[in-house]
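Colleague: structural data only, the sequence is not supplied:
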């Protein structure tokens, strides 16, 4: 087991990475206060809920099983968590445990932020995407019919337990979608990691445990450093949104659940590469090198052609990354170097949207 | 205009108290960032919404009108605020304005805490209860069918504007309910204020502007000092809940909206006086003196007799003030002196419940 520490003063916590961590007695239970409520979904429950409850040992524990999927990430389903807690008289000294992917993690975290105005929670991410991205950093929330992640809170977990063993059962498409966020870290801030990914992509696709553990560790290290520097996304943390302004528009325009988040982010990164190239921030060789790694990971490098430039702009204007009405993009200066900008030539963005709509 | 400052570091804010403050140009607008969304209800809108929008002058402003009443303080109605914000592309630099009583203030505050993970909001309380209690201190939230205020956040406003003029249209019963919280401050922490209230109660019931302004100012001063000392209710702030553990049980058992919050709190204070007397913490003279002021204010000094002791205990065990399964009560040591306790002789509590159920 390796541990990455995220240092946020009173809100600091460990990220444990390794194999068979869920079943390891004492590890999970050691982070629980008086009582635990495990929140999971219909897909994950048959696979890991029994192991999780067993590992909790003597800790008084209950569970609630939600329907599976991004389309259930809303206030109505969130309310099922509150109902479960209240029906069993859970008080402020309880700990919620998010056992599942990003949807479960985001919803459980927001439920923990809001239940009795704030209780503890532990992230036990079971997808690669959740392990390298959404379980770390304290962003929690649900979707609204008019926009993704529009309702939520910053609420840090008390621990993250990333069990490589859970990736064995992960759907191939989900694995590839998770790699989009891993590759993103290389793009925005770490060219060495990008080069490492180019060399190790086949091992990652083959679910080699050592390579995967290393990719998760390095991703979490990068995310931890970025979140430590800017917990509430006033500056640097925005870099983590590379591809996301485009990606969220794709997800919203297509209807949540049709494209996986990581797939939309991959297409979004391809679009950000295109805009960065049109702005002469990167050369053609860099753009092609970037696209190639995404392609090798089996990820889309273009949005669905039926989304018009106007539809893109409409959904992008609703994105949280929008500041005072102007669209902010994460643009690339090189592999491993990026910046946030609202002050770019919008003709380049329009050209990108036209190009991909054609 | 008088101003009470609440000092919470980066989350500090002013509480402005005076007459005709809503209509005062520049006062409200001065606390708004880029755009304002006024949240109000069907009762308040015809009375004060036009004045509010006019006072906002050149600030781009919209409004959303919710149904009126505690029974609408839930996640479904909260979602109407998010829909209004998203339909008009409000970004993170917006400011919500809560124009109404405690329900509007609590819901708008929680919407502000959660919209895009946190935006600014201003409290413009239009009831005495909201002016002296719920608008100050940053507690926000909604009810769940299984418990009051069980879902929420700590989120401080950027300003509170308490306009005495709005009390002129306040329903008589609402005015008296507000006085319950005013009297509570005297009970828990300030015997001089209690004596002042005994001397000035008729002026307050007659809505004398000067006396009311003074009562609001002194109440806000007390609440500000308590919240400064204990923003997140780890200790002293719990004193503000005198009568509330009983009161919440009354509201929940009767169904929200039948008893006003202040009425339930008044009966709850009478019950806390009874338990304190049975524990010999106060003498009979003090108990009678306490009841007398509540009675003179036209407030109930007993719960509805149909609530059985078991029903009380069941709802009290669900209250947020419950710590690790044991019921915590605010008990009185004298007029102006109180403490929190989970470690009292429960026979006294049971005797109180039996007494009032008879």
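Modeller: Sure thing, it's come through. Keep in mind that this is a model prediction, so the values were computed, not measured. Residues are numbered from 1 along each chain as shown, chains lettered A, B, ... in the order given.

Colleague: check the secondary structure at residue A:4 for me.
Modeller: Following DSSP: H, G, I helix; E, B strand; the rest coil, residue A:4 is assigned to strand.

Colleague: for it, give me its contacts.
Modeller: A:14, A:15, A:17, A:217, A:220, A:221, A:224 (C-beta atoms under 8 Å, 6 or more residues apart in numbering or on different chains). C-beta: built from backbone N, CA, C; applies to glycine.

Colleague: apply 7 Å and report the result again.
Modeller: A:15, A:17, A:217, A:220, A:221, A:224 (C-beta atoms under 7 Å, 6 or more residues apart in numbering or on different chains).

Colleague: which ones among these map onto strands?
Modeller: Judged by DSSP state E, these include A:15, A:17 as members of strands.

Colleague: could I get the contacts of residue A:4 as TSV with distance to chain B and pLDDT?
Modeller: As requested, the contacts of residue A:4 are arranged in TSV below (distance: C-beta to the nearest C-beta, whole Å; pLDDT from 0 to 100):
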residue	distance to chain B	pLDDT
A:15	21	97
A:17	26	96
A:217	27	97
A:220	21	96
A:221	24	96
A:224	19	94
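
Colleague: hmm, residue A:21 and residue A:213 touching each other?
Modeller: No. Here residue A:213 does not reach residue A:21: they are 11.0 Å apart, not a contact under C-beta atoms under 7 Å.

Colleague: circling back to that earlier point, farthest-apart pair in the contacts of residue A:4, please.
Modeller: Spanning the widest gap among the contacts of residue A:4 are A:17 and A:224, at 11.7 Å by C-beta to C-beta.

Colleague: the two: which is more packed in?
Modeller: Set side by side, residue A:17 and residue A:224 show more neighbours around residue A:17, with 23 against 20, by other C-beta atoms under 10 Å in any protein chain shown.

Colleague: so how far is residue A:165 from that one?
Modeller: 11 Å (C-beta to C-beta, to the nearest Å).

Colleague: same check on residue A:315?
Modeller: Separation of residue A:315 from residue A:165 (C-beta to C-beta) stands at 37 Å.

Colleague: ok, the two, which is more surrounded?
Modeller: More neighbours surround residue A:315 than the other of residue A:315 and residue A:165, with 21 against 16 (other C-beta under 10 Å).

Colleague: okay, now the nearest residue to that one once chain neighbours are set aside: neighbour count?
Modeller: Counting by C-beta to C-beta, 6 or more residues apart in numbering or on different chains, residue A:315 lies nearest to residue A:249, which is 3.7 Å off, once chain neighbours are set aside. By the measure other C-beta under 10 Å, the count of residues near residue A:249 is 26.

Colleague: what do you get for the one 3 residues further on?
Modeller: Residues within reach of residue A:252, counting by other C-beta under 10 Å, total 22.

Colleague: with residue A:80 instead?
Modeller: Residue A:80 has 17 neighbours, counted by other C-beta under 10 Å.

Colleague: same question, residue A:296
Modeller: Neighbours of residue A:296 using other C-beta under 10 Å come to 15.

Colleague: now do the same contact list for it.
Modeller: residue A:201.

Colleague: quick check: phi and psi on residue A:121?
Modeller: With angles defined as degrees, to the nearest 10, residue A:121 sits at phi -150, psi 160.

Colleague: next SSE after the host helix or strand of residue A:52?
Modeller: Element membership of residue A:52 [criterion: DSSP states H and E] is helix A:50-55. Per DSSP H and E, helix A:50-55 leads on to strand A:61-66 as the next helix or strand towards the C-terminus.

Colleague: quick one, helices of the stretch 101-250 of chain A?
Modeller: A:102-114, A:128-129, A:172-189, A:191-205, A:209-229, A:244-254 (DSSP state H, counting those that start in this stretch).

Colleague: now for the second one, which elements pack on it?
Modeller: With contacts defined as 3 or more C-beta pairs under 7 Å, 6 or more residues apart in numbering or on different chains; DSSP states H and E, helix A:128-129 has these neighbours: helix A:172-189.

Colleague: how far away from the center of its chain is the helix it packs on?
Modeller: 10 Å (C-alpha atoms, centre = their mean, to the nearest Å).

Colleague: averaged pLDDT, it. What do you get?
Modeller: Across helix A:172-189, pLDDT averages out at 97.

Colleague: how about stretch A:21-33?
Modeller: Averaged across stretch A:21-33, the pLDDT comes to 94.

Colleague: repeat that for stretch A:124-136.
Modeller: Stretch A:124-136 shows a mean pLDDT of 96.

Colleague: so what touches it?
Modeller: Residues from elsewhere that reach stretch A:124-136, judged by C-beta under 7 Å, 6+ apart: A:6, A:15, A:22, A:44, A:48, A:97-102, A:105-106, A:123, A:160-162, A:166-167, A:170, A:174-175, A:177-179, A:181-182, A:216, A:219-220, A:223-224, A:227, A:261-262.

Colleague: equivalent analysis for stretch A:231-238, please.
Modeller: Contact with stretch A:231-238 is made by A:8, A:154, A:226, A:227, A:229, A:230, A:321, A:330, A:340, as judged by C-beta under 7 Å, 6+ apart.
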